[in-house]
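*Asks:* This is a predicted model, with the sequence first.
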Amino acid sequence: MDAAAMVEGGINDEDCDDMVNLNVLNPESILHNLEYRFGVTKPYTYVGRIVISTNPFQWIDGLYSEDTITAYSRAPDVFADLRPHVYAVARDALDKLSGEQTSQSILISGESGAGKTENTKICMSYLASVDTRLHAVDQGMHEVTARVLQTNPLLEAFGNASTTRNDNSSRFGKFIKLQYNHHGLQVGAHIDTYLLERSRVVRQSDRERNFHVFHALTGGADEALRAELGIQVAGAYHYLGRRPAADMALKASSDFADDLDVWERTCRAMQSLGFADADIAEVANALAAVLELGELTFNSQETSEGAESRPADEAVVTRAAQRLGVENSELGSKMCTRYVAAPDGWFTVHLSQQQCCNARDALAKALYGRMFDWLVSRANETIAPEAASAGGKKAATEHRATAFIGILDIFGFESFEHNSFEQLCINYANEALQAQFNAYVFAQQQAEYEAEGVPWQRVDFADNAAVLSLIEDKRAGLLTLLDEECMLGQGTISGFFTKLQTAQGKSAHFSVPRIARDTLAFTIEHYAGKVTYGLEGFLEKNNDTLHPDLVQLMQGSSSALLNGFFEAQEVGQAEGRHPPRGARKRPETVSSRFRAQLHGLTEEISSTGIHYVRCIKPNASASPTAFQADMVANQLTYAGVLEAIRISRAAYPHRMPHALFISAFAALYQMERGGQRRMSRGGSRLDVVAGKASAPVAGSKDAEAADRKTSLEMLEALLPGEGQGEGYWHAKTKVFFRPRVHERLTARLKEALGASALVVQTRYRGHA
């Protein structure tokens, strides 16, 4: 597909570029339109200015070429002139940032495998290309733009994994803020991340893989590095499932199937972002340390003082201690005992075999999570606006960010056979963003109507405020009650469950399912449907704290990198000992931290202009030809697409600038009045159509006034009996049509043109 093909838009219900203009609006027509477009490799469709992206599961030639980028960067009206594309959203965001000097946000959502990460990279590539090709920027800016793009392979390696749904599933959320100066040039970026799935480090579902970087290290690092770190094949490690590659869901055609290629891409990205070879070696060592921790197993034996656990294999302890930079004896001791405070002093508690495994996993998750945060922090230092400045007051001014375009790639709504704390947090985020989506889309319509002086009545739409209150209310919300239970020294799941039932039992969105008596669970009716959550592990996952003994162990590491991950942050830990009782501030919980992050994110997004990309997964098998209507229908519901169309179509769903209306329907006006269709190729005014000698200069005030007068004359002639407010509203700069009115005019135009063509053919044959 070349750039010229982009201008060919669809107008029929089976190939409608903008579904606000569907002749018949119902779930069937929406699905039929998307299915048709998917079948002819048109992955993008509009709902007003919202982009629906149906994952094509294939790379479409020409769709993302440099010529296509040029076409979308230069089109006068990118939404009207060219076929739907995610580039249009990126262009619109950049235009508004440059023209209004206000920050913009592009929110990309959808379930795993729907194409969120790819669309994020496509938007970033478009903005980088436009910035590089269309502006004369200095070398420092060029380098920063290139480094920003290199954050993608870095974050993919350390934050993405192969699942049964997606070969490259993002297991965290990210908000990438591309920062611009007062000239509208990109000068840097900043990345915020949310809720890394740290549990994946120690445990994965059947046929799923750990984070890409572990497999890349074991299968792609050079022999010398693997020998130095004692790296074995992936199937030898407990944390990598001890499964051969053939038992994984990862497809052989995936970009992440070649471990050597992934490792080389990751190393190149780190080098581009300023990581020295020594830094990369330290990161590789940290990854090896995590894998060796997973090899630790424990034996339990009875003693005169009760059961005691010890490492089962000292050789494994030695390898893990070497990678961690700690003493063998210290590692073995900290894994199997705890130093606990009592009224009369401190004493040692021996852990059970399972508690030892839990301690091992907790340290592995903490180590990887802190390394991920460090990598993001280092990347942010390299891509900050200051990194592009070569010095001097003028240079500093030119590289100062005044606004940003933020691209949000966040986890979609999740509902599995078994749902837990992770799904609750993910669905809570989706509830918050859906509430913002409803409010913003509604406000967008209202703002345009008010600016144009169009009277209208507010449209009712699904309000999920009650569900958000159920989850986050500061007094009786689910997360508040969970945090309170976690603060209790002897808090239990049953205690939390009882309090939750008491506080939310009367909510229409909360219920307790009829399941086995020994299983505690609850159901929330989210905006996208009901989800039942099992409570097992809720308290532990929400606490997610590392025992001070393990923190102290890592603070003594000989590795400067690993030592730095566990810097003393609490009273008493700086001296390498436990803080006195009562002096230590309780660490924040996962839910309280995520709630604060989410509120900060939504507040920041609300202060910007917002653009939406809703990603749809057409089938579960990643097939470029299969379209599962029921699966797509569910996602349209989750994404609020049906609601968005309904809101957009309410009152005046179709609108056209006066000049465009004249150009579109002048032929119909002339033919129905019995006149001759004489249209200049460049003209849009009725006086030009009628063959008058002159016309006002396009874009001038005289032209706008003439267009407004002419469009009103045409409306009154074409729609007699459907005056202002009945069939249309003739506003300041546009014509707003009531539902189906524009479609009727289009049908009349087609019929008139067809009849005219028939007359011409008949006359031609008569002279033949």
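*Replies:* Received the coordinates, thanks. Residues are numbered from 1 along each chain as shown.

*Asks:* okay, CA-based contacts and neighbour counts for the rest of this
*Replies:* Noted.

*Asks:* unless I'm mixing things up, residue 150 is touching residue 266, no?
*Replies:* No. The criterion here is CA atoms under 8 Å, and residue 150 misses it with residue 266 at 9.0 Å.

*Asks:* With neighbour numbers in mind, choose between those two.
*Replies:* residue 266 (25 against 21; other CA atoms under 10 Å).

*Asks:* For residue 525, which three-state class applies?
*Replies:* strand (DSSP: H, G, I helix; E, B strand; the rest coil).

*Asks:* looking at it, it is touching residue 513, isn't it?
*Replies:* No. In this structure residue 525 lies outside contact range of residue 513 using CA under 8 Å: 12.0 Å.

*Asks:* The two: which is more packed in?
*Replies:* Higher neighbour count among residue 525 and residue 513: residue 525, with 15 against 12, using other CA under 10 Å.

*Asks:* Is the more buried one bridged to anything, and to what?
*Replies:* On the basis of DSSP bridges, residue 525 is bridged to residue 530.

*Asks:* Tell me the spacing between it and residue 598.
*Replies:* According to CA to CA, to the nearest Å, residue 525 and residue 598 sit 21 Å apart.

*Asks:* And residue 330, by the same measure?
*Replies:* Distance from residue 330 to residue 598, by CA to CA: 39 Å.

*Asks:* who's more crowded, the two?
*Replies:* Higher neighbour count among residue 330 and residue 598: residue 598, with 17 against 13, using other CA under 10 Å.

*Asks:* Where does that one sit: helix, strand or coil?
*Replies:* Going by three-state DSSP: residue 598 is helix.

*Asks:* again with residue 174
*Replies:* Strictly by three-state DSSP, residue 174 counts as strand.

*Asks:* hang on, it packs against residue 406?
*Replies:* No. Residue 174 is beyond contact range of residue 406, at 9.8 Å (criterion: CA under 8 Å).

*Asks:* The two: which has the busier surroundings?
*Replies:* Legend: neighbour count by other CA under 10 Å for residue 174 and residue 406, higher for residue 406 (28 against 21).

*Asks:* How many residues are close by residue 369?
*Replies:* 21.

*Asks:* need the contact list for it.
*Replies:* Neighbour list for residue 369: 196, 198 [criterion: CA atoms under 8 Å, 6 or more residues apart in numbering].

*Asks:* where's it, which helix or strand?
*Replies:* Residue 369 belongs to helix 353-383 when assigned by DSSP states H and E.

*Asks:* what's across from the most centrally placed residue in the chain in the sheet?
*Replies:* Nearest residue to the geometric centre of the chain (CA atoms, centre = their mean): residue 409, 1.8 Å. Beta bridges link residue 409 to residue 108, residue 174, judged by DSSP bridges.

*Asks:* tell me which residues in the helix holding residue 369 are buried?
*Replies:* 353, 355-357, 359-369, 371-372, 375-376, 379-383 (16 or more other CA atoms under 10 Å).

*Asks:* ditto for stretch 78-91
*Replies:* 78, 79, 82, 83, 84, 85, 86, 87, 88, 89, 90, 91.

*Asks:* Verify the contact between residue 372 and residue 160 for me.
*Replies:* No. Residue 372 is beyond contact range of residue 160, at 11.5 Å (criterion: CA under 8 Å).

*Asks:* coming back round to it: pick the one among the buried residues of stretch 78-91 closest to residue 562.
*Replies:* For the buried residues of stretch 78-91, the closest approach to residue 562 (CA to CA) belongs to residue 90, at 39.5 Å.

*Asks:* and residue 224, what element?
*Replies:* helix 223-229.

*Asks:* by contact count, what packs against the helix or strand following that helix?
*Replies:* Reading on from helix 223-229 to the C-terminus, the next helix or strand found by DSSP H and E is helix 259-272. Contacts defined by 3 or more CA pairs under 8 Å, 6 or more residues apart in numbering; DSSP states H and E place helix 259-272 against helix 139-159, helix 212-220, helix 277-294.
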